[in-house]
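*Asks:* quick one: sequence plus predicted model below, questions after.
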Amino acid sequence: MKRRLLGAVAAAALAFGFANAASAKTLVYCSEGSPENFNPQINTTGTSFDTAYPVFNKLVEFIPGTTKLQPGLAESWDVSDDGLTYTFNLRKGVKFHARGGFSPTRDFNADDVVATFNRMWKKDDPYHPVSGGEYDYFNDMGMPDLLTAVEKVDDYTVRMKLAQPESPFVANLAMDFAAIHSKEYMDAMMKAGTPEKVDQEPIGTGPFIWANYRKDDRIIYNANVNYFRGKQPIDRLVFSITPDQATREARLEAGECDVIPYPNPANIAKLKSNPNLQVLEQEGLNVGYLAMNVKKPPFDNKLVRQAFNMALDKEAILAAVYKGAGKAAKNPIPPTIWSYDDSVQPYPYDPEKAKELLAQAGASNLKTDLWYMPVQRPYNPDAKKMAELMQADLAKIGVTAELKTFEWGEYRKRVQGGEHMTGMLGWTGDNGDPDNFLGVLLSCTSAREGGSNIAKWCNEEFSALIDQAKQISDVEKRTELYEKAQAIFHEEAPWVPIAHSVVHMPMSKKVKGYKVHPLGTHIFEGVDIEE
Amino acid sequence: MTDITLPAAEPVSRPISPSREVWLSLKANKGAMAGLIVIVLLVIAAVFADIIAPYHYAQVFKECVVEVCPPAWREGSDPRFILGTDAVGRDLWSRLIHGSRYSLFIGSIVVTISLAAGILFGLLSGFFRGTIDILIMRAMDIILSVPSLLLALAIVAILGSGLLNAMIAVAITYIPHYARLARAAVLTELPKDYVTASRVAGAGTLRLMLNTVLPNCLAPLIVQATLSFSTAILDAAALGFLGYGAQAPTPEWGTMLADARSLIRSMPWVVTLPGLAILITVLAFNLLGDGLRDALDPKLKR
Amino acid sequence: MLRFVLTRVGLVIPTFLGIILLTFILIRLVPGDPVQVRVGERGITEERRLALLHEMGLDRPLHVQFFDYVGGVLQGDLGISIITKKPVMVEFLTLFPATLELAFFAILFAASIGLPLGVIAAVRRGSAFDHTVMGLSLTGYSMPIFWWGLLLILLFSVDLGWTPVAKRLSDDYFVDQVTGFMLIDTLLSDDPMNEGSFLDALHHLILPTVVLGTVPLAVIARMTRSAMLEVLGEDYIRTARAKGLGSIRVVAVHALRNALVPVVTVIGLQVGTLMGGAILTETVFSWPGIGKWLVESIGRRDYPALQGGVLVIAALVMTVNLAVDLLYGLLNPRIRHRR
């Protein structure tokens, strides 16, 4: 504000009247895009999840900055010995927000939990078809088949029953889609004939009350004075929607934004040198990789895949693309996840050996395509640049790689369909469980056409190991199984694992208490700003 | 035009050929000459890019990847790279020189496609009138009523990103201008005596179109072509800027600029120089186009 | 006269129908599947894909979709955005004032500077001033405005700190959207917290206005100059001069009035160019308007939004062009009787 004030003085004609009358403590977060809506049950993008996060609570929540769990709307929970029944004891005296003509007549209770899950789960629930009626995350986490019951035991106890033991279940309930809605608000909107308002103008129990949204412009939240963890240090939270990266950085430097996501890694040093700014960093729970489609010769040959692993100069890629904000990857899961196998010896950068392997496989003078994502992702800040570097590296071992890309939605569809020979992609974890990487990205189930295993690699032994690990809850035993699986992955080399990126969050030095969340959500609970 | 010209009644001045007249008028126009010189330089750069450019446009210098090599006027520059390197460690000067190829290429292709299609539609419309005329001209109106950048974006969205598709998309949006010009020219030329004469002499419609009428309406088309050469470069660059144009590692200036724009604070030269190259090229073609218009359009000559 | 108006209006109707068909076809030709837009990095089963297609009405025969669409358009219904699930018309109307406000100021800026420059350049034809103005205007006309915008932001906003970097209003103000025009809404707001917000909104308009106005400014200056030259060469001006009328009076009263007709026409015809420029300007300045929305809709494969947006914009451009055409015909009888 001060800098802008100075600027205003300089622009003499407009100088007067700029003093800001606002006394409320405001934090401006320049977000990267408009949300699809404000209901995390139905939306699928991180951008949308961010905008709903301040409004809602879940039964169980991640401690900001970690993948550890803390009680949310459930104060505690018990698991039966067979791992099939979970009982949640709910927090008492929690109030839903009052806004826009709605004021709750009762506290949060078990009815809200049941209604929340029924909307996503029960096809005959009156709310199920509202706003498109697709609950992608709920479905993709396998919930419809996993759950057999969500019941109210009494006002403050909820019981959930599962079809089979599933060790990551509680962590799944901390994911965004499991945000708890107000049954009372849902009923009121249904009665008023505007059920979709629940998704457009959300009401939750969270630290901030949703106040106003102007499309492509900004979202305003006010602090919730009745919040069960206490009122927030700031009075107002503004999401100022700024999709352009260069503009976002310029706005931060000019003092128009207090916090921005997704800076260009090449500019981190520049931002760090600004005395008004600080740049927080945290190893992201992600992996960026180049997948080789084993269904397409010569990539069905292990030697070719190993050759690619030796041909790419990861250090140069890390330096050029991640600008030091990344860690070379050797396993398909990031080192911050338990069961990461540090004993795996990464393939060395060795173009000569790579050439030999290719010759051995009879694949010299290989022509391939190389697909790169058209967008910036948390695990890969600049896929295009990375592709150009890879192209140069591959040329050195006699491989001609043609760069290809498509619009982002189309891109995912085509690589999931297995159209590519080699293609880049990556993954950001949902819940901090190793199965969320190994199962989703490398199992036989997801190697089907359209599945997220884009190497289309199906190794029976590997798949059996991770299936087994999912059924048991003993962490030590699971670790053992996952380590075995990683050794197989390394030998078979369906990917060139490239990097785990470090997430950078540039912000004003005035911002206090911000924690970079490894799951990628931008969380403002507990954040303060100095006046 | 025809061989029934009478011997010159006044043998005072030697007749000058029309093209020579245009050239003389152009030569007197300083702006047009400046534009022409720049264009000639660009053509030389484009033709001899492989010789002039010190490096291949895609050659990566790993030593400039980690710590970027800035241009000569900045501290810490590397004498090998006058204009520094880009974010991937490639010599910017070499990339800019090679980029001239793409700009001239874009301009030529776009102008060729739109000129050919436009003339075809215009001639058809003007000669046949009636339903064909109505259909063609309505179609042209439709194209014109959608802002050209928006239409080009929509077309590229269909065809897919890429330089070739971007050129086709831009070319489509220019067709109406040529079609209208050609049609108007046909309508003014048709009633003239020489056309009637050829017609009486038994010239077929096609022959009439191509041999008789077309050469006489070339002047406005040439001016339009020069001017749309520059707009084509601008529009293709705009598509590149929005991410729908040429793809890496093509050193097309608009794409280079788009790739680098978030680096404007830390590596300003990778943003300013390609932009400047676009501006200078476009300006040169506009200067020449203006000069040509003045030279070819006697009405504006004073 | 009536006949002239009727013919022109009559010509517009088939064009409009053609545009409906064009947008419909264009959008269907886009490869890629809107369903895929909703799915993340994970896969999707064929069964669910079909269910989603059905729900969006995209599995029906094309002609059924088309007649549905035309029927909707005639009732002002442009369909529902796939991404936000809100009516496209509502989305458009929310964002349109931002674009209109920007475009209005850009034209105002271009005309208020371009007109006098063009007039003076014509009067002092051949002078250094004339050459400078013409040189600068050709440069402006050749400007890649997305680059120009970046340079201006870098200089005036980041380095000098004189102007805001982006958006329409500082985030310290909370003005309700009433009309959508920020300058009006800030005046309507009686919240004492919003004191000074009007000037703040004006302050935010400066750079985008300059960027979007650059090309029209160049066009107007050049057009004014040549129109003025033409008029100044005509007999009645020479007569007026010969009668001893002051130079300024001749220029201001006689010449400018007559030169204005073609100039106003040119300004009117800038609407299409302005919309194209708005796409780039809004992208650079994160200006929440139609241009940026359309580009993003393309990226998001939001068929209905893109279709509706292009249609409404084409209709607007056509309407403005028609109005200019009619006005020109009214002012200039020679045109009316042609054809």
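*Replies:* Sure, I can see it.
*Asks:* what is the burial count for residue 122?
*Replies:* Answering for chain A, as no chain was given. The number of residues packed near A:Lys122 is 14, by other C-beta atoms under 10 Å in any protein chain shown. All C-beta atoms are positioned from the backbone trio N, CA, C, and that covers glycine.
*Asks:* right idea, wrong chain: chain C
*Replies:* Neighbours around C:Ala122, by other C-beta under 10 Å: 23.
*Asks:* so it lies in a strand, does it not?
*Replies:* No: when DSSP: H, G, I helix; E, B strand; the rest coil is applied, C:Ala122 is found to be helix, with no strand at that position.
*Asks:* hang on, B:Gly291 in a strand?
*Replies:* No: applying three-state DSSP, one finds B:Gly291 to be helix, outside a strand.
*Asks:* grab the nearest non-local neighbour of it.
*Replies:* B:Ala32 (2.4 Å; C-beta to C-beta, 6 or more residues apart in numbering or on different chains).
*Asks:* would you mind putting the CA coordinates of the strand or helix carrying that neighbour into CSV?
*Replies:* Taking DSSP states H and E as the definition, one finds B:Ala32 inside helix B:30-47. Provided in CSV are the C-alpha atoms of helix B:30-47 (Å, rounded to 0.1, in the frame of the first residue of the first chain):
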residue,chain,number,x,y,z
LYS,B,30,12.3,8.4,-47.7
GLY,B,31,10.1,6.3,-45.4
ALA,B,32,9.4,3.7,-48.0
MET,B,33,13.1,3.5,-48.9
ALA,B,34,14.0,3.0,-45.2
GLY,B,35,11.4,0.3,-45.1
LEU,B,36,12.8,-1.3,-48.2
ILE,B,37,16.3,-1.3,-46.9
VAL,B,38,15.3,-3.0,-43.7
ILE,B,39,13.3,-5.6,-45.7
VAL,B,40,16.3,-6.2,-47.9
LEU,B,41,18.5,-6.7,-44.8
LEU,B,42,15.9,-9.1,-43.4
VAL,B,43,15.8,-11.1,-46.6
ILE,B,44,19.6,-11.3,-46.5
ALA,B,45,19.5,-12.4,-42.9
ALA,B,46,16.8,-15.0,-43.7
VAL,B,47,18.5,-16.4,-46.8
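*Asks:* immediately after it, which helix or strand?
*Replies:* Next in sequence after helix B:30-47, counting helices and strands by DSSP H and E, comes helix B:49-52.
*Asks:* let me see the contact set for C:Leu183.
*Replies:* C:101, C:198, C:201-202, C:205 (C-beta atoms under 8 Å, 6 or more residues apart in numbering or on different chains).
*Asks:* look up how far A:Leu69 lies from it.
*Replies:* For C:Leu183, the distance to A:Leu69 equals 50 Å [C-beta to C-beta, to the nearest Å].
*Asks:* and if you look at B:Glu189?
*Replies:* From B:Glu189 to A:Leu69 the distance is 83 Å (C-beta to C-beta).
*Asks:* I figured C:Asp77 hits C:Phe92, correct?
*Replies:* No: contact between C:Asp77 and C:Phe92 fails when scored by C-beta atoms under 8 Å: they sit 11.8 Å apart.
*Asks:* in chain A, which helix is the longest?
*Replies:* helix A:475-492 (DSSP state H).
*Asks:* which positions in it come out as buried?
*Replies:* A:478-479, A:481-487, A:489-490, A:492 (16 or more other C-beta atoms under 10 Å in any protein chain shown).
*Asks:* and for that helix, what's in contact with it?
*Replies:* Counting by C-beta under 8 Å, 6+ apart, A:167, A:302, A:305, A:330-333, A:338-341, A:343-344, A:434, A:438, A:442, A:457, A:459, A:461-462, A:465-466, A:468-469, A:472, A:495 sit against helix A:475-492.
*Asks:* among the residues you listed, which ones are in helices?
*Replies:* Those of the contacts of helix A:475-492 lying in helices (DSSP H): A:302, A:305, A:438, A:442, A:461-462, A:465-466, A:468-469.
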